[in-house]
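Participant: Pasted the sequence and its predicted model underneath.
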2 protein chains.
Amino acid sequence: MAGPDVFLPDPLAAAAAKKELCTAYGFEGVFPLDAELDLTGVGPHEAALRISRANEDLIRGCELMVAHVTPFRGPSADVGTAYEMGFARALGKRVFAYTNVEVDFPTRTERFVQRVRERPTGEREDENGLQIEAFGLDDNLMLIGAIEDSGGALFRATVPAGREFLDLEAFERCLSHARRVLATTLAQGS
Amino acid sequence: MAGPDVFLPDPLAAAAAKKELCTAYGFEGVFPLDAELDLTGVGPHEAALRISRANEDLIRGCELMVAHVTPFRGPSADVGTAYEMGFARALGKRVFAYTNVEVDFPTRTERFVQRVRERPTGEREDENGLQIEAFGLDDNLMLIGAIEDSGGALFRATVPAGREFLDLEAFERCLSHARRVLATTLAQGS
């Protein structure tokens, strides 16, 4: 369960709620804080590295990923989550995802940047001259490619304001779908 | 060469400038656009998937990565770049990086969010109650962990306003360092 949920005021409660849903759908949910690192007396830099290593080890031990890609401090998903999606994908794991914002990525980006200008070629760019991805996807194409090419899927919800990082309805739909996908894969013996 | 350089008005010129530096330091530079995909008549969704696959294939063929992690539309690096760092790291490749913004990640994040509040536990959080990483790193700990644990390094520069996505001085220092690291590794036969 990759996602910015670790930054919530009560991440253990968030983890418990997600794990309960995982169990209900036949999965054993693994949350970044499961490593239970003892960081007493450890300096911040070394602590960060130990957390990073523990997260990578947890991903290695999982069969699939459910990434929480609700836009985080900008038009895209949390970069830590994006990193973990790439890590999981390179290891051949299925990457599922959910977002609690349904507005598409080009629209979110155009709302976020300070200025949108059209290039002579028709592409659109921001105030730094940087192109705005216009594929109509839910986020950067690397993230969406990982989800689709790994046999995963992305689920979207619109939730009440303030619930973007808490609501688990799309997460639950994601689990339900993942369970069906896995059951089919097992039935096919692949 | 992962990074948001692909979004520049003239990405081929950026690629050429970076490749010239790579060659000068004994490397063969590989840029996302090297795949030269023919996307004529291909719909946007399928085009995005083909670009994603081509980028992953290019990473697989590289010995190391130099990621451009200058903050992109928010306090963190581009998520596509973060994804590719995770992908490279899981494949056991060294991840080097450079940024043209030297302000650290906690400071950037506090400047970006709408409100900073201190929790009773001393951690700091934004207007959504989401914690602000306070390890004093250059970006999210997963990205920094990948760089340090893979034997890579991160180089920083402060550049004139408007040159953040163009300046290659830190990129060049990164290549110079990577060359020394690789030479040492080869000399040790490991």
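Facilitator: All right, it came through fine. Residues are numbered from 1 along each chain as shown, chains lettered A, B, ... in the order given.
Participant: Which pLDDT value does the model give the residue nearest to A:Arg60 when sequence neighbours are not counted?
Facilitator: Leaving out its chain neighbours, the residue that sits closest to A:Arg60 by C-beta to C-beta, 6 or more residues apart in numbering or on different chains is A:Leu91, at 6.7 Å. Every C-beta, even on glycine, is put in place using the N, C-alpha and C of the backbone. Predicted confidence (pLDDT) for A:Leu91: 98.
Participant: which residues are contacting stretch A:172-190?
Facilitator: The contact list for stretch A:172-190, computed with C-beta atoms under 8 Å, 6 or more residues apart in numbering or on different chains, reads A:21-22, A:24-27, A:63-64, A:66, A:94, A:96-98, A:151-153, A:155, A:157.
Participant: 10 Å instead?
Facilitator: With C-beta atoms under 10 Å, 6 or more residues apart in numbering or on different chains as the contact definition, stretch A:172-190 has outside contacts at A:18, A:21-27, A:29, A:63-68, A:94, A:96-99, A:151-157, A:168.
Participant: Now do the helices in chain A.
Facilitator: A:11-24, A:44-60, A:79-90, A:105-112, A:141-149, A:169-187 (DSSP state H).
Participant: With just CA atoms, put the fourth one into CSV.
Facilitator: This file holds the C-alpha atoms of helix A:105-112, laid out as CSV (Å, rounded to 0.1, in the frame of the first residue of the first chain):
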residue,chain,number,x,y,z
PHE,A,105,-4.1,15.4,-15.4
PRO,A,106,-3.9,18.0,-18.2
THR,A,107,-6.8,19.9,-16.6
ARG,A,108,-5.2,19.8,-13.2
THR,A,109,-1.9,20.9,-14.6
GLU,A,110,-3.4,23.8,-16.5
ARG,A,111,-5.2,24.9,-13.3
PHE,A,112,-1.9,24.6,-11.3
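Participant: State the mean pLDDT of it.
Facilitator: Here the average pLDDT along helix A:105-112 is 98.
Participant: what packs against it?
Facilitator: strand A:124-125, helix A:141-149 (3 or more C-beta pairs under 10 Å, 6 or more residues apart in numbering or on different chains; DSSP states H and E).
Participant: buried stuff in it?
Facilitator: By neighbour count on 16 or more other C-beta atoms under 10 Å in any protein chain shown, the buried set for helix A:105-112 is A:105-106, A:108-109.
Participant: of these, closest to A:Gly136?
Facilitator: A:Pro106 (6.4 Å; C-beta to C-beta).
Participant: Quote the end-to-end distance of stretch A:55-72.
Facilitator: End-to-end distance for stretch A:55-72, by C-alpha to C-alpha, to the nearest Å: 19 Å.
Participant: Report the distance from that stretch to the chain centre.
Facilitator: 7 Å (C-alpha atoms, centre = their mean, to the nearest Å).
Participant: do the same with stretch A:143-154
Facilitator: 11 Å.
Participant: hmm, that stretch in reach of chain B?
Facilitator: Yes - judged by C-beta under 10 Å from any C-beta of the partner chain, stretch A:143-154 and chain B are in contact via A:143-149.
Participant: Many thanks, I have nothing further to ask.
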